[in-house]
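**Student:** No letters, just coordinates:
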């Protein structure tokens, strides 16, 4: 049997659901020395009201684990992911991929998983995302259902299932129809109907088990059913049988997964709910006859009912509807199952099965068939041999194809580089050889007619748009001095808290004084670290001097941001926006340099940031 392997199982059911092949296979592999991470059902349809208990359980499991992962037993871990329940939404799938893979990657690193086998029971888009995101040694798809026929919404699963089948290194199936379907997309398909843990049933045969308390008082003959009470059961058939066979008790052991209101009023029908897997043989042993009362639908045409093997393992007579897999089973085993193709025939077969007391030879034949067809250990052993061979073959192919794989990698790199290079070239041409940058910069410019004001406010540059200290402030100061000399305002406010060797505001004042501006006409604001604080702190100076008008000087592309700030925090000050007219640092509207592009993009980024911060 497979040993010393890391396995990630993507299940179509939750771990605590009815014990089925999912749990049986993975627990067996874990006991045999493999490490298994069992990912619980991520869904093939949006949840409905009946799913609330399962969702509640999922949340409980997540809260009582480490990011959804808990240890079930040695080498067996369960992952209960919390994801968006919209399996066919592209946005939800993208989010779910991030949610699941962020946990999986950390788990793989922390647990030391190396090249795990990915074994999936689901064929959804998120499964493809997991397969494509992990470096796996082998991918196995165990196709146990016709998912596209399980519900109207599940029909959307067909495309992703085709991709999963084609991607898988090998495919296991439980039914002939599924074999035919999967073989259309993958040549490595193997038939493995679900089995039974015969050891549990062998123990029930050997031991004198007590009658379960909840059927102790149920009248015989008992017609029994074990498994989920779901929508694929023919409830009209059950009602017909219960009314026609009032001398018989109809007992259902398993979780109720659909409405059974139409049957609850019938006195000889009993729903006992879900039981532990180990307790099921005790019920089957006390049934007089067992039934598989499934509807014939597109879905059940692909179903191999595991309960058939469970019933036969204890030598029980079985009556079933004519679902294809039971019919095929009957053909292989000389009609060991009673099959009814109509309500009346099913009723007749039920009478026959109850009245004809089976001899020990018939019971032994049934048990022998169960042992031959259904032992899980034998099936897992056969699967393991196929997997081992698949691993060897895949490693061999890697060695043989290294050259082709390397060339494909380079070819793939070229394919990615060419579009990237083309994109970069297009962006370069757009920004540096067209007027595009001036076009997008135009909305940033605001310019008013100059008028007499109380003060001239100069916002110094720091390393703002230019990206270098000392660039830009001389142009702004020169323009302020020009307006001062023309008599537009008697005072100049210089706002800058920037320091590069010397304080920028003091350097600007010294330059202004050297150009014959009286020192007492200059007011310094030396704390502002950005445009928001330039306006905020300068407003305080204006208010303190009872000045209500000011000419605001800055770079051309800083004006939009400055005006938005002033409108919000200084609404009572009448600003005249006067950007510098000619600038060597911020462009002439013709020749484009990198600093011009950076200046304009910087302003847009700053406006967005200020919006987020609530400054505007």
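**Tutor:** Everything's here; your move. Quantities reported herein were computed from a predicted structural model and do not represent experimental measurements. Residues are numbered from 1 along each chain as shown.

**Student:** Which secondary structure element is home to the residue lying farthest from the centre of the chain?
**Tutor:** Most distant residue from the mean C-alpha position of the chain: residue 516, 69.6 Å away (CA atoms, centre = their mean). Using DSSP states H and E, residue 516 sits in no helix or strand.

**Student:** Got phi/psi on it?
**Tutor:** Per-residue torsions, residue 516: phi 70, psi 20 (degrees, to the nearest 10).

**Student:** how about residue 361, secondary structure?
**Tutor:** What DSSP: H, G, I helix; E, B strand; the rest coil gives for residue 361 is helix.

**Student:** give the contact list for residue 185.
**Tutor:** 162, 165-166 (CB atoms under 8 Å, 6 or more residues apart in numbering). Yep, even glycine has a C-beta here, placed from its N, CA and C like the rest.

**Student:** To clarify, my last question referred to residue 322.
**Tutor:** By CB under 8 Å, 6+ apart, the neighbours of residue 322 are 296, 339-341.

**Student:** could I get the contacts of residue 185 as CSV with secondary structure?
**Tutor:** Below are the contacts of residue 185 laid out as CSV (three-state DSSP):
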residue, secondary structure
162, helix
165, helix
166, helix
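
**Student:** Give me the buried subset of those.
**Tutor:** 162, 165 (16 or more other CB atoms under 10 Å).

**Student:** quick one: low-confidence ranges for the stretch 151-300 of the chain?
**Tutor:** 151-155 (pLDDT under 70).

**Student:** The residue lying closest to residue 274 once chain neighbours are set aside: neighbouring residues, count only.
**Tutor:** Once flanking residues are discounted, residue 274 sits nearest to residue 255: 4.1 Å by CB to CB, 6 or more residues apart in numbering. Residue 255: 16 surrounding residues under other CB atoms under 10 Å.

**Student:** Verify the contact between residue 255 and residue 273 for me.
**Tutor:** Yes. With contacts counted by CB atoms under 8 Å, residue 255 reaches residue 273, the gap being 6.6 Å.

**Student:** Relative to residue 562, how far out is residue 582?
**Tutor:** According to CB to CB, to the nearest Å, residue 582 and residue 562 sit 19 Å apart.

**Student:** for residue 49, same thing?
**Tutor:** From residue 49 to residue 562 the distance is 57 Å (CB to CB).

**Student:** Look at the two and report which has more neighbours.
**Tutor:** More neighbours surround residue 562 than the other of residue 49 and residue 562, with 23 against 5 (other CB under 10 Å).

**Student:** Can you list the buried residues in the helix or strand hosting the more buried one?
**Tutor:** Assigned by DSSP H and E, residue 562 falls within helix 559-569. Using 16+ other CB under 10 Å as the test for burial, helix 559-569 gives 559-566.

**Student:** For the residue nearest the centre of the chain, which non-adjacent residue is spatially closest?
**Tutor:** Residue closest to the average C-alpha location in the chain (CA atoms, centre = their mean): residue 96, at 1.7 Å. Among residues not flanking residue 96 along the chain, residue 83 sits closest, at 4.2 Å (CB to CB, 6+ apart).

**Student:** Surely the one you found and residue 101 touch.
**Tutor:** No. In this structure residue 83 lies outside contact range of residue 101 using CB under 8 Å: 11.2 Å.

**Student:** ok, these two, which is more surrounded?
**Tutor:** Ranked by neighbour count (other CB under 10 Å), residue 83 and residue 101 place residue 83 first, with 19 against 16.

**Student:** Help me confirm that the more buried one is found in a helix?
**Tutor:** No. If the criterion is three-state DSSP, then residue 83 is coil and not within a helix.

**Student:** so what's the backbone phi/psi at it?
**Tutor:** Residue torsions, per degrees, to the nearest 10, at residue 83 are phi -140, psi 170.

**Student:** Local confidence estimate at it?
**Tutor:** We have a pLDDT of 89 for residue 83.

**Student:** Let me see the ranges of the strands in the stretch 301-450 of the chain.
**Tutor:** Remark: strands assigned in the stretch 301-450 of the chain by DSSP state E, counting those that start in this stretch are 318-321, 338-340.

**Student:** Mean neighbour count, those strands: which tops it?
**Tutor:** strand 318-321 (a mean of 25; mean count of other CB atoms under 10 Å).

**Student:** Check which helices and strands it sits against.
**Tutor:** Judged by 3 or more CB pairs under 8 Å, 6 or more residues apart in numbering; DSSP states H and E, strand 318-321 is in contact with strand 289-292, helix 306-313, strand 338-340, helix 343-355.

**Student:** Mean confidence (pLDDT) on it, please.
**Tutor:** 97.

**Student:** Give me the residues contacting it.
**Tutor:** 234, 237, 289-296, 305, 308, 311-312, 326, 336-341, 346, 349-350, 353.

**Student:** Direction included, what does that strand pair up with?
**Tutor:** strand 289-292 (parallel), strand 338-340 (parallel) (DSSP bridges).

**Student:** State the pLDDT value of residue 499.
**Tutor:** 77.

**Student:** bridging residues for it?
**Tutor:** Beta-bridge partners for residue 499, by DSSP bridges, are residue 503.

**Student:** what's the neighbour count on it?
**Tutor:** 14.

**Student:** Next: residue 490.
**Tutor:** Neighbours of residue 490 (other CB under 10 Å): 14.

**Student:** now do residue 277
**Tutor:** Neighbour number of residue 277 under other CB under 10 Å is 14.

**Student:** what's the distance between it and residue 201?
**Tutor:** 11 Å.

**Student:** before we move on, what about residue 373?
**Tutor:** Taken as CB to CB, the span from residue 373 to residue 201 is 13 Å.

**Student:** Give me the more crowded residue out of these two.
**Tutor:** Applying other CB under 10 Å to residue 373 and residue 201 shows that residue 201 carries more neighbours, namely 26 against 20.

**Student:** Now that one. Nearest residue, chain neighbours left out?
**Tutor:** That would be residue 313: by CB to CB, 6+ apart, it lies 4.0 Å from residue 201.

**Student:** The closest residue to residue 569 other than its chain neighbours: what's it in contact with?
**Tutor:** With CB to CB, 6+ apart as the criterion, residue 569 has its nearest non-adjacent residue at 5.8 Å, and that residue is residue 536. Residues counted as contacts of residue 536 (CB under 8 Å, 6+ apart) are 528, 565, 569-570.

**Student:** would you list those residues in a markdown table and tack on pLDDT and distance to residue 23?
**Tutor:** Shown next, in a markdown table, are these (pLDDT from 0 to 100; distance: CB to CB, whole Å):
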| residue | pLDDT | distance to residue 23 |
| --- | --- | --- |
| 528 | 89 | 67 |
| 565 | 94 | 63 |
| 569 | 92 | 65 |
| 570 | 92 | 69 |
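
**Student:** Tell me the one of those nearest residue 230?
**Tutor:** residue 565 (64.3 Å; CB to CB).

**Student:** So for the closest one, what's the nearest residue that isn't a sequence neighbour?
**Tutor:** residue 535 (4.7 Å).

**Student:** about what we covered before: so which of the strands paired with strand 318-321 is nearest residue 578?
**Tutor:** Across the strands paired with strand 318-321, closest to residue 578 is strand 289-292 (CB to CB), at 89.1 Å.

**Student:** In this structure, where is pLDDT below threshold?
**Tutor:** Answering for the chain: the residues below the bar, that is pLDDT under 70, span 150-155, 399-410, 412, 461-472, 583-589.

**Student:** Report the residue ranges of every domain in it.
**Tutor:** Domain ranges of the chain: 6-191, 198-374, 403-433, 440-613, per automatic domain parsing.

**Student:** Ok, which of these comes nearest residue 383?
**Tutor:** Comparing the domains of the chain by CB to CB, domain 6-191 comes nearest, at 6.7 Å.
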